[in-house]
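Enquirer: Quick one, fold the following:
(one chain, ligands or ions: 2)
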Amino acid sequence: MSRKIVVALGGNAILVDKPTAEAQQEALHKTAKQLVKFIKNGDSLIISHGNGPQVGNLLLQQQAAESEKNPVLPLDTCVAMTEGSIGYWLQQAMREACRMEGLDTEVVSLVTQVVVDENDPSFHNPTKPIGPFFTEEEAKSKTDGVYKEDAGRGWRKVVASPRPIAIEEANVIKRLVNEGVVTISVGGGGVPVVRKGMKLEGREAVIDKDFASEKLAEAVEADMLLILTGVPNVFIRYNTPEQKKLEEVTVEEMKQYIADGEFAPGSMLPKVEAAVEFVENYPKGVAVISSLENLDAVVKGNSGTIVKK
Ligand SMILES: Nc1ncnc2c1ncn2[C@@H]1O[C@H](COP(=O)(O)OP(=O)(O)O)[C@@H](O)[C@H]1O
Ligand SMILES: NC(=O)OP(=O)(O)O
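Expert: Ligands and ions are numbered 1, 2, ... in the order given. The predicted structure is shown next:
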């Protein structure tokens, strides 16, 4: 049976070790070889991806070269730039992976605008980590914004991350999906915009790609929201001797684990919250959190952490 699958690619699908264009393209070629298995299986793929490391690096490059003739561009524009660059790498990789399997599937990436509330409290409380990791000492000497500790992995710049409300280009994405085109959209969470009468205005922020992917999954009425990250399953009591793998979990059970504080805010919590939100808002669908390495089993539908009504 053909399924509509929104797959949200996490950091390790794009940036494995080196942040060079070449290394990221190589990682995306490996990712595409895995993802093409869904297409071979007859499924429709609706792809989204993160941009946290890339958008932070782009800002640093701009700051390093700043002059009157070469000003630093606003963050919403930088999100659009990274959505474009990663989208380009990914559409090239997906097209090649399809051809290698004898498939002539069309692939397109779209710079997507995502509507947010201009009064979202996150504009006054930055939480979204971007760019490279620093030591505490390095971070405390920075003067270009707020730096916070990121889930035990080091210190990173943090920026506002409003919740997505609607995807401006949802209808065109749906049309492309219905025509059998593999779409790459809401990359980096999409460009944050607010509605001002007839106009859309960009806002300096980075939307969480898991929440934006959830909105995308609702918009296309996906059978599955698949969040791919660095672990094959979500765990409770993670990183302790009593850690336990979650396999099939109901929305109510997952909500209880969230309330018990089982998931780290900067890493696993947004994924679990996005999974719960999708199944609550679109109960016909399921949400799966797993890793690229585990994809063969996920394609068969019996692996990863599966959140169901
Ligand atoms: N409860 C948990 N269960 C599984 N992994 C967890 C948990 N808490 C934190 N993690 C870590 O969070 C990571 C996912 O967050 P992150 O790397 O920020 O996401 P992304 O893959 O989108 O870049 C996992 O690879 C794992 O190392
Ligand atoms: N925008 C976003 O959520 O990016 P990461 O997943 O790379 O943090």
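Enquirer: alpha carbons only for contacts and neighbour counts from here, please
Expert: Fine.
Enquirer: Which of the residues in the helix ranked longest in the chain are classified as buried?
Expert: In the chain, ranked by residue count with DSSP state H as the criterion, the top helix is helix 75-100. Under the neighbour-count criterion of 16 or more other CA atoms under 10 Å, helix 75-100 has 75-98 buried.
Enquirer: same thing with stretch 185-204?
Expert: Buried, per 16+ other CA under 10 Å, within stretch 185-204: 185-194, 202-204.
Enquirer: how long is it end to end?
Expert: Start-to-end span of stretch 185-204 (CA to CA, to the nearest Å) is 19 Å.
Enquirer: Please apply the same query to stretch 196-208.
Expert: 23 Å.
Enquirer: Is any residue of it near ligand 1?
Expert: No. Stretch 196-208 does not reach ligand 1 (CA under 6 Å from any ligand atom); its nearest approach is 8.9 Å.
Enquirer: What mean pLDDT does that stretch get?
Expert: Model confidence over stretch 196-208 averages 97 on the pLDDT scale.
Enquirer: Need the residues that contact the helix or strand hosting Glu253.
Expert: Here Glu253, judged by DSSP states H and E, is contained in helix 251-259. Residues outside helix 251-259 that contact it (CA atoms under 8 Å, 6 or more residues apart in numbering): 236, 263, 269, 272-273, 276, 279-280, 307-309.
Enquirer: From the residues you listed, which land in helices?
Expert: Within the contacts of helix 251-259, residues falling in helices by DSSP H are 269, 272-273, 276, 279-280.
Enquirer: any idea which of those residues is closest to ligand 1?
Expert: Using CA to the nearest ligand atom, Leu269 is the member of these that sits closest to ligand 1, with 7.3 Å.
Enquirer: List the contacts of Thr82.
Expert: Here Thr82 is in contact with 51, 54-55, 188 (CA under 8 Å, 6+ apart).
Enquirer: and if you look at Gln62?
Expert: 71-73.
Enquirer: Give me every residue in the chain lying close to ligand 1.
Expert: Close to ligand 1, as judged by CA under 6 Å from any ligand atom, the chain has residues 10-12, 229-231, 234-236, 238, 262-264, 267-268.
Enquirer: which of the residues you listed has the most neighbours?
Expert: Neighbour counts for those (other CA atoms under 10 Å) peak at Val234, which has 24 neighbours.
Enquirer: re earlier: buried members of the ones in helices among the contacts of helix 251-259 into PyMOL, please.
Expert: Paste this into PyMOL to select the buried members of the ones in helices among the contacts of helix 251-259, with burial taken from 16+ other CA under 10 Å:
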select buried, resi 272+273+276+279+280
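Enquirer: Ligand 2: which of the ones in helices among the contacts of helix 251-259 is nearest?
Expert: Leu269 (12.2 Å).
Enquirer: Give me the phi and psi for Ile47.
Expert: The phi/psi pair for Ile47 (degrees, to the nearest 10) reads phi -100, psi 140.
Enquirer: what are the bridge partners for it, then?
Expert: Going by DSSP bridges, Ile47 is paired in beta bridges with Val7, Ile184.
Enquirer: So which residues of the stretch 201-309 of the chain form strands?
Expert: For the stretch 201-309 of the chain, applying DSSP state E, counting those that start in this stretch gives strands covering 224-229, 235-236, 244-245, 248-250, 286-291, 305-308.
Enquirer: And the helix or strand of the chain with the lowest mean pLDDT, what's buried?
Expert: Every helix and strand of the chain was ranked by mean pLDDT, DSSP states H and E. The lowest is helix 295-300, at a mean of 90. Buried residues in helix 295-300, counted by 16+ other CA under 10 Å: 295, 298-299.
Enquirer: same check, this time on stretch 102-118
Expert: 105, 107-117.
Enquirer: measure Val186 to Ala23 for me?
Expert: For Val186 relative to Ala23 (CA to CA), the value is 22 Å.
Enquirer: same deal with Thr240?
Expert: Thr240 is 33 Å from Ala23, by CA to CA.
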